[in-house]
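[1] Return atomic coordinates for the entry below.
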Amino acid sequence: MAEPRSAPPPPLAQAAGALAPVAGNVETVKNHAAAGNLRIDLDAATVLLRQLEALKIRAGDLVADSGELDMPLRFGDSWVGQIMSERMRTVANSDDGGVTPVLRTFHQVLEDLEATVRFAAGMYRTADEETVEALKRAAGQFGVEIESEPR
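    Predicted structure coming up:
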């Protein structure tokens, strides 16, 4: 007689489990890029960064929208309806493979990938440097020139 098999993990738990090693690998590659051991062509980096930004925006929207999943669902006032409602909330928000934590982790992986590409392309700049340049560009549209202080 065959032994009973255990049920496979739910798809979101599988996604969370599959995402964890990817996140670790991305972190390792990011560290290599930051140390200067990985290089990428500037044109290729620009294309990748555009694609990563679009993915990050979509993932961020999904994370924001998933907050709406953390509310009771109205399946009626019976005990069956209450059990179904709580089960759906758990699937959506559980730290053990729920959709919201998986989306947050995916968004973080995308941010790490973006940093990796920037490091590898030698494009890494601080937020302050980017803000100064954006301010200069904006002021330049009005004919105002801003000079940077020497460091």
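
[2] So for the helix or strand hosting Arg89, what gets flagged as buried?
    Take DSSP states H and E as the rule and Arg89 turns out to sit in helix 79-93. Buried residues in helix 79-93, counted by 16 or more other CB atoms under 10 Å: 85, 89, 91-93. No exception for glycine: its C-beta is placed from N, CA and C like everyone else's.

[3] How far away from the center of its chain is that helix?
    27 Å (CA atoms, centre = their mean, to the nearest Å).

[4] got the CA coordinates for that helix in CSV?
    Taking Å, rounded to 0.1, in the frame of the first residue of the first chain, the C-alpha atoms of helix 79-93 are listed here in CSV:
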residue,chain,number,x,y,z
TRP,A,79,-19.3,30.0,11.1
VAL,A,80,-18.4,28.8,7.6
GLY,A,81,-18.4,32.3,6.3
GLN,A,82,-16.2,33.5,9.2
ILE,A,83,-13.7,30.6,8.6
MET,A,84,-13.5,31.4,4.9
SER,A,85,-13.0,35.1,5.6
GLU,A,86,-10.1,34.5,8.0
ARG,A,87,-8.5,31.9,5.7
MET,A,88,-8.5,34.4,2.8
ARG,A,89,-6.9,37.1,5.0
THR,A,90,-4.3,34.6,6.2
VAL,A,91,-3.4,33.7,2.6
ALA,A,92,-3.1,37.3,1.7
ASN,A,93,-1.1,38.6,4.7
